[in-house]
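Visitor: Here is a sequence with its predicted model. Questions after.
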Amino acid sequence: MATQTPPHRSVLPAEVLHALIPISGGTYVDCTVGAGGHAEALLDASAPDGRLIGIDADQDALSLSATRLSRFGDRVQLVHANYGDLEDVLAATGTGEVDGVLLDLGVSSMQLDQPDRGFSFQSDGPLDMRMDQTQGETAASLVNGLPERALADLIFTFGEERFSRRIARTIVARRAAARFETTAALAAAVQTAIPGRSYHGLHPATRTFQALRIAVNSELDGLTAVLPRAAESLKPGGRLAVISFHSLEDRIVKRFLQGNKESLLAVTRKPLIASAEEQRANPRSRSAKLRVAEKLAGVGLS
């Protein structure tokens, strides 16, 4: 019987397998399991008895991956958690040191394609943007509640948006008349704040939406926190692979690896990127960068 095609295509699949070198009997952690694409490949490659722990804050994603990975039985354990809780997840699942850890950062196409999640302005939906919809502030809370200067700083810092102050000024003026509740309303306000501006084909609201998503989910703080925990969880010779999608993420990963050269060997001198063929087949892969490091024996993290 044919299986349903997953709504999300994992980026750099061959490169991830080459980086993590999965083997039978190995234990791997996919900290952002999503729809299970990378996890499935790792489990296939580590047959017959490789084990995988899959973590995700998004319960919808976990449901998809549970269906996709069901054929592996007890070789896979899925956990609803933030990847920042990696230590607790490993303890709860009885997992000691592992052979590989994968982080595939950012938002997935399946999340972008669900209007009710509020990640995208392509379809109108509520201003939510939470990866874990069971807790935390929504994007609407930030847009409607932050003072103008704080909102401008957020958009500049996390979106690298040079018109952040103009955008924040427009948002604050408009919310005085009516709260922002939908993605379309916010996108329209941003567009009027910087009319006629071109971002190499990007919608003018792209950077503002990125900034809000990062802030809502504390993505950069979470990444900074999880990297040393992921590295500590590795066996000597184990590998850490991180896929980032924008310069803010990649900068954090690069600095972490540079700061721990005595304990982590950078396998990739420069980040790996998708082939031209993959970029044509999967446009989301165009901004993906993969960095890989191997844990050295007999040393701890600085």
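Guide: Looks like it came in fine. Residues are numbered from 1 along each chain as shown.

Visitor: Tell me the buried residues in stretch 246-263?
Guide: Counting neighbours by 16 or more other C-beta atoms under 10 Å, one finds that the buried residues in stretch 246-263 are 246, 248, 249, 250, 252, 253, 254, 256, 257, 260, 263. From N, CA and C alone the C-beta is placed, and that goes for glycine too.

Visitor: An error on my part: the question was meant for stretch 174-187.
Guide: Buried residues in stretch 174-187 (16+ other C-beta under 10 Å): 174, 175, 180, 181, 182, 183, 184, 185, 186, 187.

Visitor: Looking at those residues, spot the one nearest residue 62.
Guide: residue 183 (24.1 Å; C-beta to C-beta).

Visitor: Which residue, neighbours along the chain excluded, lies closest to the closest one?
Guide: Counting by C-beta to C-beta, 6 or more residues apart in numbering, residue 121 is the residue found nearest to residue 183 once chain neighbours are left out, at 4.6 Å.

Visitor: domain assignment for the chain?
Guide: For the chain, the structural domains run 13-110+219-295, 133-216, going by automatic domain parsing.

Visitor: Quick one: end-to-end length of the last one, please.
Guide: Just to be clear, that refers to domain 133-216. 11 Å (C-alpha to C-alpha, to the nearest Å).

Visitor: One more: stretch 65-76?
Guide: With C-alpha to C-alpha as the measure, stretch 65-76 spans 10 Å from end to end.

Visitor: Now do the residue lying closest to residue 106 once chain neighbours are set aside against residue 21, distance only.
Guide: Ranked by C-beta to C-beta, 6+ apart and with sequence neighbours excluded, the top spatial neighbour of residue 106 is residue 245, at 4.1 Å. Look at residue 245 and residue 21: by C-beta to C-beta, to the nearest Å, they are 24 Å apart.

Visitor: what comes up buried for stretch 42-56?
Guide: Neighbour count says stretch 42-56 has 42, 43, 45, 46, 50, 51, 52, 53, 54, 55, 56 buried, by 16+ other C-beta under 10 Å.

Visitor: so what's the second one up against?
Guide: With contacts defined as C-beta atoms under 8 Å, 6 or more residues apart in numbering, the neighbours of residue 43 are 50, 52, 69, 72, 75, 76.

Visitor: sorry, back to before: which of residue 245 and residue 21 has more neighbours?
Guide: Remark: of residue 245 and residue 21, residue 245 carries more neighbours, 19 against 15, as counted by other C-beta atoms under 10 Å.

Visitor: Quick check, that one in contact with residue 287.
Guide: Yes - using C-beta atoms under 8 Å, residue 245 is in contact with residue 287, at 5.0 Å.

Visitor: distance of residue 67 from residue 152?
Guide: Taken as C-beta to C-beta, the span from residue 67 to residue 152 is 43 Å.

Visitor: quick one, which of those two is more surrounded?
Guide: residue 152 (21 against 14).

Visitor: circling back to that earlier point, which helix or which strand is home to the residue nearest to residue 183?
Guide: For residue 121, there is no helix or strand it lies in under DSSP states H and E.

Visitor: Just confirm it contacts residue 182, I think it does.
Guide: No - checked against C-beta under 8 Å, the pair residue 121 and residue 182 is beyond contact range at 9.2 Å.

Visitor: Could you list the residues in contact with stretch 126-140?
Guide: Residues from elsewhere that reach stretch 126-140, judged by C-beta under 8 Å, 6+ apart: 57-59, 80, 82, 107, 111, 116-119, 143, 179-183, 186, 209, 212-213, 216-217.

Visitor: buried ones in that stretch?
Guide: So, applying 16+ other C-beta under 10 Å, buried residues of stretch 126-140: 127, 128, 129, 130, 131, 133, 136, 138, 139, 140.

Visitor: now swap in stretch 279-286 and tell me
Guide: Here stretch 279-286 shows 279, 282, 284, 285 as buried, counting by 16+ other C-beta under 10 Å.

Visitor: No further queries at this time; thank you.
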